[in-house]
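**Student:** Need a 3D model of the sequence below.
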Amino acid sequence: MMSIFRSPRTLASIAAGTLALGCLSTQASELPGKGVKVYPLKSSIAEETFQTQLVMKALEKLGYDVQPIREVEYPTAHLALGNGDATFIATHWNPLHADYYKNAGGDAKLYRKGVYSDNAAQGYLIDKKTADAYNITNIDQLRDPKIAKLFDADGDGKADLTGCNPGWGCEAMIEHHLDAYKLRDTVTHQQGTYSALIADTIARYKAGKPILYYTWTPYWVSNELQPGKDVVWLEVPFSSAPGEQKGTDTKLPNGKNYGFVVNKQHILANKAWAEANPAAAKLFEIMQLPVSDINAQNHAMSKGQNKPADIDRHVEGWIKAHQKTFDSWLEQARAAAK
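**Tutor:** Residues are numbered from 1 along each chain as shown. Next up is the predicted model:
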């Protein structure tokens, strides 16, 4: 008959084994993503690195093996997420990217819960000096060749609108607006690398020349050219949007209509991956970053703090300043994996 009593050595072995299992269990609960690779994406906008790296840091704290950011434009990024070739992008604009979302498989292929950053505005602006001198308040006024010529930067007699990179969601909106508001004959949509185009626009403003441009927030441009002080928003004659946004009323609660609805930015992920990784899915859902914080960091980048080491410092600084919030995200994410 086997004795119900065990030797001290046997008991010690059992205790050691139990302790080891307990440590493994604790490690698993603390690091639910251990051994799982993450492939983050971002667009060519350098300033998106900040909010992307903040998500990456949180994932690393959960044990995920986070790979370097891959840079692709939004249409390709959405398709890559839908196909499972990438894990997440931290700058999915809703509804601006509605067509990309649909084309990538929509709710069946993509995970989109929570709001990472709210109140993302966009629209058209001109310098306040010209607006006041000619009483320009609406983009519809640019149908007048005399008004349009004020913003001619290349000598062809047409207004030059600093616009969006090919492949960005705003490109489709601007192109649609040029047709909807019958501006093709008097306005040219200047495209290329936005950072270079807007730098030239700001240089022209500083030289005292009229400017016409598209921009968005969160971004540093509105820190450099302050609406109401240096520049003014232009209204549009009526709401009009393409594709999935067709029929959307872009009028704001204050009655102003700048042609774009206020967007929400989401962390967008591959749905199958998110379902297999509940800790990460919960993290994507609950992380929130104020627009003002993104604007401030982006402005610092525009002033020269744009090296990888600078951005790392910005991310670490934000975490340190919001440590309780950051830690609570991790706690909720770990709880979701249990």
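
**Student:** can you map out the helices along this protein?
**Tutor:** 8-30, 49-61, 74-83, 98-103, 128-134, 145-149, 169-180, 194-206, 221-224, 271-276, 278-286, 291-302, 308-321, 323-336 (DSSP state H).

**Student:** could you dump those to a markdown table with mean pLDDT?
**Tutor:** Shown next, in a markdown table, are the helices of the chain (pLDDT from 0 to 100):
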| stretch | mean pLDDT |
| --- | --- |
| helix 8-30 | 55 |
| helix 49-61 | 98 |
| helix 74-83 | 97 |
| helix 98-103 | 96 |
| helix 128-134 | 98 |
| helix 145-149 | 98 |
| helix 169-180 | 96 |
| helix 194-206 | 96 |
| helix 221-224 | 92 |
| helix 271-276 | 98 |
| helix 278-286 | 98 |
| helix 291-302 | 94 |
| helix 308-321 | 98 |
| helix 323-336 | 98 |
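
**Student:** among the ones you listed, which is nearest residue 236?
**Tutor:** helix 169-180 (7.0 Å; Cβ to Cβ). Yep, even glycine has a C-beta here, placed from its N, CA and C like the rest.

**Student:** Taking their axis directions, that closest one and helix 194-206 sit at what angle?
**Tutor:** When axes from the mean of the first three to the mean of the last three Cα atoms, to 10 degrees is applied, the directions of helix 169-180 and helix 194-206 differ by 60 degrees.

**Student:** could you check the angle helix 74-83 makes with helix 169-180?
**Tutor:** Counting by the same axes, to 10 degrees, helix 169-180 lies at 130 degrees to helix 74-83.

**Student:** Name the residues that touch helix 169-180?
**Tutor:** Helix 169-180 is contacted by residues 74, 93, 96-97, 99-100, 122, 139, 161, 163-165, 183-184, 187, 189, 191, 214, 216, 236, 240-243, 245, 259-260 when judged by Cβ atoms under 8 Å, 6 or more residues apart in numbering.

**Student:** Report the buried members of the residues you listed.
**Tutor:** Using 16 or more other Cβ atoms under 10 Å as the burial test, these include 74, 93, 96-97, 99-100, 122, 139, 161, 163-165, 183, 187, 189, 191, 214, 216, 236, 240-242, 245, 259-260 as buried.

**Student:** Let me see the contact set for residue 158.
**Tutor:** Residue 158 sits next to 148-149, 152, 185-188 when contact means Cβ under 8 Å, 6+ apart.

**Student:** Those residues in strands, which ones?
**Tutor:** Using DSSP state E, the members of the contacts of residue 158 that fall within strands are 187-188.

**Student:** who's the nearest residue to residue 35 once chain neighbours are set aside bridged to?
**Tutor:** Leaving aside its chain neighbours, residue 35 sits nearest to residue 65 (6.7 Å; criterion: Cβ to Cβ, 6 or more residues apart in numbering). Beta-bridge partners recorded for residue 65 (DSSP bridges): residue 37.

**Student:** Go ahead and confirm residue 65 touches residue 40.
**Tutor:** No: using Cβ atoms under 8 Å, residue 65 is not in contact with residue 40; the gap is 11.7 Å.

**Student:** of those two, who's got more company?
**Tutor:** residue 40 (21 against 13; other Cβ atoms under 10 Å).

**Student:** And that one, how close does it get to residue 264?
**Tutor:** From residue 40 across to residue 264, the span is 20 Å (Cβ to Cβ, to the nearest Å).

**Student:** Tabulate the helices of the chain in CSV, adding columns for distance to residue 251.
**Tutor:** Below are these laid out as CSV (distance: least, Cβ to Cβ, whole Å):
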stretch, distance to residue 251
helix 8-30, 49
helix 49-61, 28
helix 74-83, 26
helix 98-103, 18
helix 128-134, 21
helix 145-149, 24
helix 169-180, 15
helix 194-206, 27
helix 221-224, 21
helix 271-276, 33
helix 278-286, 30
helix 291-302, 21
helix 308-321, 34
helix 323-336, 34
